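*Asks:* Turn this into a model:
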Amino acid sequence: MNNWAKLIFSGELSFEEKAKEVFEYQFENNVVYQRYCKALNIDLKVARDDPNSIPLLPIKAFKDAKVTTHPEEEPEVVFKSSGTSDMQRSIHRVYDSTLYEQSLLKGFRQFYNLDNAVIWGYTPGYADNPHSSLIYMIQTLIEQDNSGLSRFLPLDEPVNPGAVKEVKRQEKQLILFGAAFGLVDLLEIEELKLPSNSFIIETGGMKTHRRQLSRAELHRQLEKGFGLDGSRIHSEYGMAELLSQAYASGGKWFSTVPWMEVTIRDPENPKNILPPYKEGLIGVIDLANIHSCSFLLTGDKGVMDKKGRFQVLGRWNPKDLRGCNFLIDED
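*Replies:* Coordinates of the predicted model:
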């Protein structure tokens, strides 16, 4: 298909119809994913008829192999997971940055009024990663604002109160993105009272940070430090291996965009979907990942409610998942 964006973001087709077409394309063109499906002896007819039976590729494959439907082409953008230079990091080769930006902006507008927003980013621990998907995401959102007020905040410096006053003067809505512990560090420099209509969007913790906090305690600290009601403290769920994001608006339950679906899988047998409120591995179908792999099993522990929302409960205990080791040392 020449126009994947038309398929992915179409309101005329069901998610199941879209997933079927994406699966057929990726099985045919993604060597790593095809090899994985064949190793599991997947019945292709069953997979085509039922998206829930489509195999989810362990996300570790982005570290071990070249996960792409365009193995001979150079990507427009490369995202790498966070970590030190000597660590094995996930690599996500993005062959259509325009499609990614459509996913990002359309998805963000599902939850927020971007037209009147001033976007601030505070991202210690990510700023030194030139391939950070988080930095790329925030920069793309900043570029949508013509007021000149959107920016990345300087690291390890207090926020200029005049900047906050200017946001209020122009009657804009401030949306502050930040790595979770980075926001705590910012408040340790100096507490910062934001306009009452502001949103804080925390994007998860920094893996190498010296502290650990529960999300509930983190949100309490952010409420107090920024002088906001708890309903204004939100969370974003995303990663280098995904081109779509989910958001938790003033609570612990994440909702997805229409072209993204989350299920909770049995870690011992990931083809099995667990019932609501039973903990397992978070599985994601992200149709925006059309040029890599849309069907992924993460390493995150989660639980689903009866409304189809999900909660992130941290990382699952690391262990090799059956069927992943063959990805290494093959063409």
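*Asks:* Okay, strands next: where are they in this protein?
*Replies:* With DSSP state E applied, the chain shows strands at 57-58, 77-80, 91-94, 117-122, 151-152, 173-178, 199-202, 233-237, 246-248, 260-266, 269-273, 280-286, 295-304, 310-315, listed in chain order.
*Asks:* okay if I get these as TSV plus mean neighbour count?
*Replies:* C-betas here are computed from N, CA, C, even on glycine. Formatted as TSV, these follow (neighbours: other CB atoms under 10 Å):
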stretch	mean neighbour count
strand 57-58	25
strand 77-80	18
strand 91-94	22
strand 117-122	24
strand 151-152	15
strand 173-178	22
strand 199-202	22
strand 233-237	22
strand 246-248	22
strand 260-266	20
strand 269-273	14
strand 280-286	25
strand 295-304	21
strand 310-315	18
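*Asks:* Residue 69 is nearest to which of those strands?
*Replies:* Comparing the strands of the chain by their distance to residue 69 (CB to CB), the top pick is strand 91-94, with 9.8 Å.
*Asks:* Can you get me the start-to-end distance on stretch 289-302?
*Replies:* The stretch stretch 289-302 measures 21 Å between its terminal residues, going by CA to CA, to the nearest Å.
*Asks:* sorry, back to before: redo the strands of the chain as a markdown table? Include distance to residue 37 and mean pLDDT.
*Replies:* Output for the strands of the chain, formatted as a markdown table (distance: least, CB to CB, whole Å; pLDDT from 0 to 100):
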| stretch | distance to residue 37 | mean pLDDT |
| --- | --- | --- |
| strand 57-58 | 9 | 97 |
| strand 77-80 | 24 | 96 |
| strand 91-94 | 20 | 97 |
| strand 117-122 | 38 | 96 |
| strand 151-152 | 41 | 96 |
| strand 173-178 | 36 | 96 |
| strand 199-202 | 36 | 96 |
| strand 233-237 | 26 | 95 |
| strand 246-248 | 26 | 96 |
| strand 260-266 | 16 | 97 |
| strand 269-273 | 12 | 94 |
| strand 280-286 | 15 | 97 |
| strand 295-304 | 9 | 96 |
| strand 310-315 | 25 | 91 |
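*Asks:* do you know how far the closest residue to residue 189 other than its chain neighbours is from residue 252?
*Replies:* Residue nearest to residue 189 in three dimensions, not counting chain neighbours: residue 158, with 5.1 Å by CB to CB, 6 or more residues apart in numbering. Residue 158 is 30 Å from residue 252, where distance means CB to CB, to the nearest Å.
*Asks:* What of residue 219?
*Replies:* Relative to residue 252, and taking CB to CB, residue 219 is found at 9 Å.
*Asks:* Looking at these two now, which is surrounded by more residues?
*Replies:* Between residue 219 and residue 252, counting by other CB atoms under 10 Å, residue 219 is the more crowded of the two (23 against 14).
*Asks:* OK, contacts around that one?
*Replies:* Counting by CB atoms under 8 Å, 6 or more residues apart in numbering, residue 219 touches 202, 230, 233.
*Asks:* run the last query once more with 10 Å
*Replies:* Neighbouring residues of residue 219 by CB atoms under 10 Å, 6 or more residues apart in numbering: 180, 200, 202, 213, 230, 232-235, 248, 250-252.
*Asks:* Please apply the same query to residue 166.
*Replies:* When contacts are counted by CB under 10 Å, 6+ apart, residue 166 touches 118, 147-149, 160, 172.
*Asks:* hang on, the earlier thing: closest to residue 106 out of the strands of the chain?
*Replies:* Each of those has some distance to residue 106 by CB to CB; the shortest is strand 260-266, at 11.1 Å.
*Asks:* what packs against the closest one?
*Replies:* Using 3 or more CB pairs under 10 Å, 6 or more residues apart in numbering; DSSP states H and E as the contact criterion, the neighbours of strand 260-266 among helices and strands are helix 15-29, strand 269-273, strand 280-286, strand 295-304, strand 310-315.
*Asks:* Distance to residue 54 added to the ones you listed, as CSV?
*Replies:* Listed next are the helices and strands packed on strand 260-266 as CSV, based on distance: least, CB to CB, whole Å:
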stretch, distance to residue 54
helix 15-29, 5
strand 269-273, 9
strand 280-286, 7
strand 295-304, 5
strand 310-315, 18
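*Asks:* For residue 140, which of those is the nearest?
*Replies:* Residue 140 sits nearest to strand 280-286 of all the helices and strands packed on strand 260-266, at 17.1 Å, using CB to CB.
*Asks:* how much distance is there from stretch 9-29 to the middle of the chain?
*Replies:* Centroid separation between stretch 9-29 and its chain, computed with CA atoms, centre = their mean, to the nearest Å, is 20 Å.
*Asks:* cool, stretch 262-275 as well?
*Replies:* Between the mean C-alpha position of stretch 262-275 and that of its chain there is a distance of 20 Å (CA atoms, centre = their mean).
*Asks:* Also stretch 235-252?
*Replies:* Averaging C-alpha coordinates over stretch 235-252 and over its chain gives two centres that are 5 Å apart (CA atoms, centre = their mean).
*Asks:* Also stretch 134-141?
*Replies:* With CA atoms, centre = their mean as the basis, the distance from the averaged C-alpha position of stretch 134-141 to the chain average is 12 Å.
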